[in-house]
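[1] predicted model and sequence follow; I will ask about them next.
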Amino acid sequence: MRESDIMGSMKTYLDTLSRADRELSEEDLTLAHALQINGRASFREIADALGVSDQTAARRWSRLQSAGKLRVLGLTDPQRVGDSPWIVRVRCTPDAAASIGEVLARRADTSWVNLSSGGTEISCSVRTRGPGTEESLLLQKLPRTPQVVDVSAHCLLHVFFGQDLGTINKSGPLTAAQVEQLTPSVQPERATADTPPVALDESDRHLLDLLARDGRAAPAELAAATGLSVSTVRRRITELRIAGVLYFDVEYHPGVLHRKFRAALWLEVDPSRLAEAGAAIAAHPEVSFAAAVTGTATLYASIDVATAQLFYRYLTESIAALPGLRHTATVPIHRTLKGPGPYLPTRA
């Protein structure tokens, strides 16, 4: 069965659940928090930190995974492998937004796709090989697509919050001692602007493709699929993590988390205060992603709050206090068509 068929079946199952069944329990959240800290932690390591048995930790994970509520993805930092990440904004006629968005979601070079601005705008993350956009067939085709009004591409320069960090890192139920216990002993090397990209061979790329679909796949399973030995798989995963190429993220099914008020912020900030403003916004509990980007707006952030009234308060208090802020543009997000992993079909 194809992965899209599997994910479609999972969504059908979730659609039959009651509201209470869709919610994650406190126990589920502790496991999700543990996996966000260390996506490939063994059930023994997770059990020791959570104060439960190995069997209990494994059973909880199996239940959540089989229900399609969440999964662990092994993803790559594009800049560490010489790729270039972009946030692309596509303005189109309302009758075309959903269909164009679904096409974008199916593409391998997009990692998330949102419908926003009342269905007149699509925003997506696009990854190109090399430093520019000339290699992207998508960015060449979009302006010529009927019913597309405008396309703008903004290169991602620096991530302040995101990738291996999720909002559960800020508000999760684990204690500081539990977080420390689960944190991998060997941390990724800190890359600088002068650090060359990591060279990957075909076996590396095959291994990374498999981890992008299941970040907790067993070494023996990965070895069988790649033709590598189990010891080589374990060693290479460790090396890629240390090099900052590979990180792990927890993806939640859209049907599990109640949709709150979500918005994208495009902020124009003085260049001399950009690093300071980025560090400040990264600490806000409302922020799920923040990065420096090219363009008139130099700081992009994804916001998730409970109500429009709380978003107003967030704008007038926390955002208004950012250093060097010149201009603010808000874009409400209505629907996510694709998350960080492989394409996951959704419906309105």
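    Now that the structure is in, tell me what you want to look at.
[2] contact partners for residue 218?
    Listed by C-beta atoms under 8 Å, 6 or more residues apart in numbering, the contact set of residue 218 is empty. Heads up, the C-betas are built off the backbone N, CA and C, glycines and all.
[3] that one and residue 230: what is the separation?
    9 Å (C-beta to C-beta, to the nearest Å).
[4] all helices for the stretch 1-150 of the chain, in order.
    3-15, 19-22, 26-37, 43-50, 54-66, 94-106, 137-141 (DSSP state H, counting those that start in this stretch).
[5] repeat that for the stretch 201-348 of the chain.
    Counting by DSSP H, counting those that start in this stretch, the stretch 201-348 of the chain has helices at residues 202-213, 219-226, 230-242, 274-282, 308-314.
[6] buried ones in the second one, by neighbour count?
    The neighbour-count criterion (16 or more other C-beta atoms under 10 Å) identifies 219, 222, 223, 226 as the buried residues of helix 219-226.
[7] not counting residues beside it along the chain, what's closest to residue 296?
    Nearest in space to residue 296, with sequence neighbours left out and distances taken as C-beta to C-beta, 6 or more residues apart in numbering, is residue 268 at 5.9 Å.
[8] give the bridge partners for the one you found, please.
    Beta-bridge pairing of residue 268, defined through DSSP bridges, involves residue 327.
[9] report pLDDT for it.
    On the pLDDT scale, residue 268 is placed at 98.
[10] can you pull the contacts of it?
    296, 297, 298, 299, 325, 326, 327, 328.
[11] by neighbours, which of those residues wins?
    Counting by other C-beta atoms under 10 Å, residue 299 has the largest number of neighbours within those, with 25 neighbours.
[12] that residue pairs with what?
    Beta-bridge partners of residue 299, as defined by DSSP bridges: residue 267, residue 292.
[13] quick check: it vs residue 273, distance?
    10 Å.
[14] what's the answer for residue 265, then?
    For residue 265 relative to residue 273 (C-beta to C-beta), the value is 16 Å.
[15] these two: who's more crowded?
    Set residue 265 next to residue 273 and count neighbours by other C-beta under 10 Å: residue 265 wins out with 22 against 17.
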